[in-house]
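Participant: Whatever this is, show me its structure:
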Amino acid sequence: PRLDILVNNASRFYPNEVGATPAWQWDDLISSNLRGPYFLVEALLPQLRTAGGSVINIVDIHADRPMPNHAVYNISKAGLAMMTRTLAWELGPAVRVNGVAPGAILWPESGADDAAKQAILDRTALGRVGAASDIASAVAYLALDAPYVTGQILAVDGGRTLNM
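Facilitator: Alright, predicted model coming up:
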């Protein structure tokens, strides 16, 4: 009967070429990564306010540091980061809104070869790929153990953003 935590985790991810991006790719990436989370929060806002709920948006480290050949994805995640901060301001004090920005956790199903993956890990302070449990722990912390935290985006990237 109550809604305490909303995690906006649905996302689409694939490359696009600037100058040759079909409108459907723009619509697809913006809809799944930005529009969907916004309207889901809007639809559930009465329940979140009643419960003093917490919203956690799964952003991406590439919201701040663009990934080549992924312009629309980068833009959509940057928009989600701004949405996180904006909603934190607009919905406080009743609802807290934060984000988690994963680094290398799961490799895309297609794309990078082993050498490219190793190059990413070589630029990561911890030198390894993360696990889904790392993201889950960060979400749990922000949702359950951080009552005085709102409007923040926690990088869970093994230190990758230190050397991008």
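Participant: gap between the residue nearest the centre of the chain and residue 115?
Facilitator: The geometric centre of the chain, computed from its C-alpha atoms, lies nearest to residue 59 (C-alpha atoms, centre = their mean), at 1.2 Å. Between residue 59 and residue 115 the distance is 27 Å, computed by C-beta to C-beta, to the nearest Å. Quick note: C-beta positions are derived from backbone N, CA and C, even for glycine.
Participant: same deal with residue 4?
Facilitator: Separation of residue 4 from residue 115 (C-beta to C-beta): 44 Å.
Participant: okay, now residue 101: neighbour count?
Facilitator: Using other C-beta atoms under 10 Å, residue 101 is surrounded by 25 other residues.
Participant: does residue 7 belong to a helix or a strand, and which?
Facilitator: strand 5-8 (DSSP states H and E).
Participant: quick one: average pLDDT of that strand?
Facilitator: What strand 5-8 shows for mean pLDDT is 98.
Participant: Just the CA atoms from the helix or strand just after that strand would do, formatted as CSV, please.
Facilitator: Using DSSP H and E, the helix or strand that directly follows strand 5-8 along the chain is helix 23-30. Below are the C-alpha coordinates for helix 23-30, written out as CSV (Å, rounded to 0.1, in the frame of the first residue of the first chain):
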residue,chain,number,x,y,z
ALA,A,23,15.1,10.2,-35.6
TRP,A,24,14.0,6.8,-34.2
GLN,A,25,17.3,6.4,-32.4
TRP,A,26,17.0,9.8,-30.8
ASP,A,27,13.4,9.0,-29.8
ASP,A,28,14.3,5.6,-28.5
LEU,A,29,17.3,6.6,-26.4
ILE,A,30,15.7,9.8,-25.0
